[in-house]
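Colleague: What shape does this take:
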Amino acid sequence: MAEEKLDAVDPAALPSPDSISGTFGDSLSEGTRKGEGNFFQLRLQKDAESGDQTFILIHQTCFVPSKGVPFSGMWLQETHEYSGTWDLAEADAKMQEESEKEENKEEAKVQVAAAEIESSFLEADADGSGSIGFEEIQAIEEKFGLPLAISANSSDWADGKISLAEFTEMLKANGNLLPPPQPPSGVITLNCANKKMTVVDDGNFVTEDKPHTAYRWVFKIPSPSYDKLELLESNYPVSLSRSRYMNGTTITLGYTDMCLQKQ
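Modeller: Model prediction:
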């Protein structure tokens, strides 16, 4: 039986939704044992048969009632569950450029791609001898900022010349080689379709489940690990201040910064 040929995977391409699917964010608390605050868990799913990409985003708010808190004794925990569809797209050029600048902002050395090393070597080989001699190494030192500890290594000069392999190792040791091209970062957009809310009302659990299309979340999923989601924009308001409850003043709504790590 002929061996089935597998399609090659492009290392510089965005991963498939299947490989990105999973659970991101917090392990949801049980009661108040995990502490107080806002907890977020996002589950990205893709149905193997239909190919539908669906999500469940759970926002859990947990506060311990205490004396002087409005509604004290009425609830300890509130859970909002949103569901809908998600899609994955490649981050635009501007976002990619900003990510690369952030990664390389401390890099000041002349950089050369692995595929361009030979042409740099031939350029330095002024006499066309196929190697770099003592009289030619100075130009290399100046161009790539090679310190004497690297460019004057005695073992490299044992035969009185520098080969292409030795030149490559010099650049590598000095940090002049560009890393291999990274796959692009992605952008994941969540479009809400339904909302399920579970609250404690006078000691009883009450659940509402109804259509809800008001909210939208846009996350960046950075390459190459694709193991976290960084919130870029959303119209989802979240109350973040427990002091509002403690003081009995008006509760304000604001937007929360979210970075959800893959579990």
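Colleague: Could you report the separation of the spatially most central residue of the chain from S16?
Modeller: For the chain, P222 is the residue whose C-alpha lies nearest the centre (CA atoms, centre = their mean; 2.8 Å). Noted for P222: a distance of 17 Å to S16, by CB to CB, to the nearest Å. Quick note: C-beta positions are derived from backbone N, CA and C, even for glycine.
Colleague: now H212
Modeller: 29 Å.
Colleague: Surely L57 is in a strand?
Modeller: Yes. Read with DSSP: H, G, I helix; E, B strand; the rest coil, L57 is one of the residues of a strand.
Colleague: Where does E169 sit: helix, strand or coil?
Modeller: helix.
Colleague: got it, and D156?
Modeller: coil.
Colleague: H212 and S16: who's more crowded?
Modeller: Applying other CB atoms under 10 Å to H212 and S16 shows that H212 carries more neighbours, namely 17 against 11.
Colleague: hang on, isn't that one packed against N194?
Modeller: Yes. Between H212 and N194 a contact is recorded at 5.8 Å, counting by CB atoms under 8 Å.
Colleague: Need the residues touching each of these two.
Modeller: Y82 (CB atoms under 8 Å, 6 or more residues apart in numbering).
Colleague: low-scoring stretches of the stretch 1-150 of the chain, by residue?
Modeller: The stretch 1-150 of the chain contains residues with pLDDT under 70 at 1-12, 29-36, 63-76, 97-108.
Colleague: which residues of it fall in helices?
Modeller: Taking DSSP state H, counting those that start in this stretch as the criterion, the stretch 1-150 of the chain carries its helices at 17-20, 93-104, 117-124, 134-144, 148-151.
Colleague: what's the pLDDT at the closest residue in space to Y215 that isn't next to it in sequence?
Modeller: Nearest-residue entry for Y215: C192, 4.2 Å, with adjacent residues in sequence omitted and distances by CB to CB, 6 or more residues apart in numbering. Predicted confidence (pLDDT) for C192: 97.
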